[in-house]
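Participant: Give the three-dimensional model of this entry:
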Amino acid sequence: MKIKNSLKALAGRHRENRMVRRRGRVYIINKKNPRFKARQG
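Facilitator: Numbers count the residues shown, from 1 in each chain. Here you go, the predicted model:
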């Protein structure tokens, strides 16, 4: 999982990417291609 300061650019890299807020953190999850997983901060 990548940890980035900003996820906006990362979210647009694959059309299956979803931006999700969990426990006050922002995540990008991708069921089809898990290598795009990322967390903000």
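Participant: could you pull out the helices for the protein?
Facilitator: All helices of the chain, identified by DSSP state H, fall at 8-11.
Participant: most distant residue from the middle of it?
Facilitator: Distance from the C-alpha centroid of the chain, by CA atoms, centre = their mean, peaks at residue 23 (14.5 Å).
Participant: For that one, grab phi and psi.
Facilitator: phi 50, psi 40 (degrees, to the nearest 10).
Participant: same deal with residue 14?
Facilitator: phi -150, psi 140.
Participant: The residue lying closest to it once chain neighbours are set aside: neighbour count?
Facilitator: Once flanking residues are discounted, residue 14 sits nearest to residue 36: 5.4 Å by CB to CB, 6 or more residues apart in numbering. All C-beta atoms are positioned from the backbone trio N, CA, C, and that covers glycine. Look at residue 36: counted by other CB atoms under 10 Å, it has 18 neighbours.
Participant: quick one on the thing from earlier: can you check the pLDDT for the residue farthest from the centre of the chain?
Facilitator: Confidence at residue 23, expressed as pLDDT, is 96.
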